[in-house]
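Colleague: My questions concern the predicted model and sequence given below.
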Amino acid sequence: MCMAQAFAHNSSLTFYSIKPEDHGWALTVNLAQASVDSSLSREVGETRWQSADGEKQSEWLARYVAETTTLTIDGHRQELGEPDVHMGSHETQVRFALPDWPESSHQLEVYIPGFSNHPNHHNVVYWSTGRGTVKAVLSERNDYRAVVNTTME
């Protein structure tokens with residue numbers, strides 16, 4: 001996903017990509033490390049965040065993303081699988097398997113208020129379907145919610 005790479009350093013943008021991978025569907029989140037530091041400092045406390053080791057920070061980040069991400073496909077809320085976190089000095093990636101994602105679907109509802117403590121923050125969701133990629137831009141204007149209708153083949 002080239003766009004996520006190009007804008008990952010922008011702390012007012014977070015990219016969420018839902019697509020099939022070798023062993024099923026996955027949600028991949030790409031974001032600026034500055035967004036991680038700012039949001040998680042607020043979430044767990046600045047001193048705790050800054051003094052924590054990388055393993056603890058990864059654990060907190062994965063929990064924060066999971067708690068602020070709601071995906072509902074055809075009326076069924078999707079559970080996120082085990083996280084895989086790669087924290088970097090400038091950008092970070094969090095990946096979750098989507099073990100219950102259906103083979104075919106028609107409607108995706110998303111509610112992702114995570115990282116919205118930044119002014120003018122936008123969460124951009126890409127959903128790769130059988131017909132191409134659908135995009136939804138979530139912001140304060142739409143309460144970080146969107147409904148995307150499509151048919152996957």
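Modeller: Looks like it arrived, so ask away.
Colleague: Need the pLDDT of N120.
Modeller: With respect to pLDDT, N120 scores 88.
Colleague: buried set for the longest helix seen in the chain?
Modeller: Taking DSSP state H as the criterion, the chain has its longest helix at helix 54-67. By 16 or more other CB atoms under 10 Å, the buried positions in helix 54-67 come out as Q57, S58, W60, L61, A62, Y64, V65, A66. All C-beta spots, glycine's among them, are computed from the backbone N, C-alpha and C.
Colleague: Name the nearest of those residues relative to H86.
Modeller: Checking the buried residues of helix 54-67 against H86 with CB to CB, the nearest one is S58 at 8.5 Å.
Colleague: what sits opposite the residue nearest to the closest one when sequence neighbours are not counted in the beta ladder?
Modeller: Once flanking residues are discounted, S58 sits nearest to V85: 4.0 Å by CB to CB, 6 or more residues apart in numbering. Per DSSP bridges, the residues bridged to V85 are V94.
Colleague: what ranges do the helices span in this protein?
Modeller: Under DSSP H, the chain gives helices at 2-7, 33-44, 46-51, 54-67.
Colleague: nearest to V94, of those helices?
Modeller: Evaluated over the helices of the chain, closeness to V94 peaks at helix 54-67, with 5.1 Å, by CB to CB.
Colleague: what's the angle from the closest one to helix 33-44?
Modeller: Orientation of helix 54-67 against helix 33-44 (axes from the mean of the first three to the mean of the last three CA atoms, to 10 degrees) gives an angle of 80 degrees.
Colleague: Check which helices and strands helix 54-67 sits against.
Modeller: Counting contacts by 3 or more CB pairs under 8 Å, 6 or more residues apart in numbering; DSSP states H and E, helix 54-67 is packed against helix 33-44, strand 83-87, strand 91-97.
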